Each structure stands twice: as C-alpha cells, then as structure tokens.
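In: model this:
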Amino acid sequence: VVPKSHRDAMKQTCVAAIVAHYSNKCNQSEEKKKNDLGQLRVLGLGVGTKFVSHDVIITEEQQNEINHSCYGKRIRDCHAEVLARRAFRRQVALEILTDLRKDSSSG
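Out: Below you'll find the predicted structure:
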C-alpha cells in the first residue's frame, strides 16, 4: 500500500481503518452459522506517519521566511487513525448530502 521510497524516508508508517461487520447469520441453520464469518466493509482508511520529522518542520519554517506561501499547506497530524476517521466522516457526510438531494428532488 505504501511505496517503499516513502517507507524508507519516513521510517514509521501506519495503516488504520474503520470497518463495518455485517453478519449473515439471521436466516441460517446452526451448522452454517458456525462457519459464516459475515462480511467486512471498509468505511474509512488512512495511511500515515506517527509524526512529522523535525527536519521537515525546520525546512518548512525556513522556506516560509523566504516564500510566505508554504506555511499551512502541510497536514501536521498525519496519524493513520486521524486520517481514517476523517475519511469515514467525509463518507458519512457525502451519503447524508446524497440522501438530502434525493428527498428534495422527489418532493
């Protein structure tokens, strides 16, 4: 998932996900229920680093002194868990927006 060049540069890479588990056991026999693991669906996925290195922050600050347009363009909180949560929240918001548009166009 993460390119080797990125792993080598950052040294720490994490993957996090928010996953839904759907059980298929409602209308099955007892024997099938034992073997059925259900289905998993990824609702949000994040790949990130545990931290922004000190060198990157210093370089960004130096560039900002020369060219004021670079500050604030880097996401400093790159934890995979945070990115997965953001992806999940974005997906939920998009689904709500889609539902609202359907309701307004049909009414």
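
In: which residues of this structure fall in strands?
Out: Along the chain, counting by DSSP state E, strands occupy 14-22, 39-48.

In: buried set for the first one?
Out: Neighbour-count burial for strand 14-22, with 16 or more other Cβ atoms under 10 Å as criterion, is recorded at 14, 16-18. Placement of C-beta: from N, CA and C, glycine included.

In: between those, which is closest to residue 103?
Out: Of all those, residue 18 has the smallest distance to residue 103: 26.2 Å, by Cβ to Cβ.

In: The closest one is in contact with residue 44, isn't it?
Out: Yes: proximity of residue 18 to residue 44 meets the contact threshold set by Cβ atoms under 8 Å, at 4.1 Å.

In: residues shared between the contacts of these two?
Out: Here residue 18 and residue 44 share the contacting residues 84-85, 87-88, scored by Cβ atoms under 8 Å, 6 or more residues apart in numbering.
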